[in-house]
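Chemist: with the sequence up front, the predicted model follows.
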Amino acid sequence: MTGTQAIQSVQFVTVNGKRLAVLSAEDWEAMVVWLETVEDVQVAQQAFQQLNAAGGDRKHAGWIEWHEAEKAIDVLAVRKRPPYDYGDLVQLLGEFE
């Protein structure tokens, strides 16, 4: 199911004078995936705009080398316990600058 279909499947109910939207769990999950995909596309578009503005120079655009990104990914993968301590992540990423 697409995000649009999930939105269209919403049902409205009124409880204690409040109008509420109701979705099935499957429709909710489809909508979350859809929104995450939209956000990912926006992030990628912004990154490529920055790369173009930097004349194709990845380092000048603020991109890091893959082996550096891999270190950050490994740190998160080892934890596997959301929510992550983003303070540590900010410190880790700061080491790459």
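Modeler: Nice, I can see it.

Chemist: who are the packing partners of the strand or helix carrying Val32?
Modeler: Counting by DSSP states H and E, the element that carries Val32 is helix 25-53. With contacts taken as 3 or more Cβ pairs under 8 Å, 6 or more residues apart in numbering; DSSP states H and E, helix 25-53 sits against helix 3-8. Backbone N, C-alpha and C define where each C-beta goes, glycine included.

Chemist: quick one: average pLDDT of the following helix or strand past the helix it packs on?
Modeler: In the C-terminal direction, the helix or strand that comes right after helix 3-8 (DSSP H and E) is strand 11-15. Mean per-residue pLDDT for strand 11-15: 93.

Chemist: which other helices and strands contact the helix or strand that strand 11-15 is followed by?
Modeler: Following strand 11-15 in sequence order, the next helix or strand is strand 18-22 (DSSP H and E). Secondary-structure packing of strand 18-22 (3+ Cβ pairs under 8 Å, 6+ apart): strand 11-15.

Chemist: pairing partners for the strand it packs on, with directions?
Modeler: Strand 11-15 pairs in its sheet with strand 18-22 (antiparallel), by DSSP bridges.
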